[in-house]
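Asker: The following block contains a protein sequence and its predicted model.
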Amino acid sequence: MRLFALAAFLLASLVSAASFAAPSLTGRWSITAVAGADGLEVARTRAEFATNGRFASTVGCNRIAGKPQIAGSQMTFGPMMATRMACPGPLGEVERAYMAALSNVRGYRLAGGTLAFLGEGGEELVTLERAK
C-alpha cells in the first residue's frame, strides 16, 4: 500500500511539473499593441523578463516593474510599481490602457517571437515581439 501511495505521489509530481514547464519568456521585448490604446509608439516601448522572474516595462513614459505569477500558461500581474511622471496627451492614455491591461492578464501565449498577454476569456490584451 505504501509503495502504491509513493508511486501515485511521484506520478502526480511529474505531471504537475510537466504542466508548469513554460517556454522561456526571459529577455527583451517590444510592446506592439495594447487593447484599447491608440497611438502606441512601438519604438518607445520595451519590456523585459529577467532570469529572477522580475518584469520591467515602459510604453514610453513611466517605468513599470513587478513580478508576475506564472504557472503553465497562466499569468497574473499583482501590484506593479511605477514611476510617477506626468504623461501628456495620448501617451498618458496609452499608459492608462496598458496598466489596466496588465491588471486583467490571466494567461499568455508564446508563438515564435510573438508573446500575447491574455484576458479571462482568452482575448489579447497586450502583444509583444521579441527584441532583436
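Answerer: Done, it's in.

Asker: so how far is stretch 106-121 from its chain's centroid?
Answerer: 8 Å (Cα atoms, centre = their mean, to the nearest Å).

Asker: Centroid-nearest residue for the chain?
Answerer: Residue closest to the average C-alpha location in the chain (Cα atoms, centre = their mean): residue 117, at 5.5 Å.

Asker: Distance check, it against residue 40.
Answerer: 14 Å (Cβ to Cβ, to the nearest Å). Every residue, glycine included, has its C-beta placed from N, CA and C.

Asker: circling back to that earlier point, please export the C-alpha coordinates of the helix or strand containing the residue nearest to the centre of the chain as PDB.
Answerer: If you go by DSSP states H and E, residue 117 is part of strand 114-118. Included here for strand 114-118 are C-alpha records, laid out as PDB according to Å, rounded to 0.1, in the frame of the first residue of the first chain:
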ATOM      1  CA  THR A 114       5.300  36.800 -30.500                       C
ATOM      2  CA  LEU A 115       4.000  36.900 -26.900                       C
ATOM      3  CA  ALA A 116       0.400  37.800 -26.100                       C
ATOM      4  CA  PHE A 117      -0.900  38.600 -22.600                       C
ATOM      5  CA  LEU A 118      -4.400  37.200 -22.500                       C
END
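
Asker: what are the pairing partners of that strand, and which direction each?
Answerer: Under the criterion DSSP bridges, strand 114-118 sits next to strand 107-111 (antiparallel), strand 124-130 (antiparallel) in its sheet.

Asker: Is it possible to get a markdown table of these that adds distance to residue 64 and mean neighbour count?
Answerer: Shown next, in a markdown table, are those (distance: least, Cβ to Cβ, whole Å; neighbours: other Cβ atoms under 10 Å):
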| stretch | distance to residue 64 | mean neighbour count |
| --- | --- | --- |
| strand 107-111 | 17 | 16 |
| strand 124-130 | 12 | 20 |
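
Asker: Of all those strands, which one comes closest to residue 45?
Answerer: Closest approach to residue 45 among these is made by strand 124-130 (8.5 Å; Cβ to Cβ).
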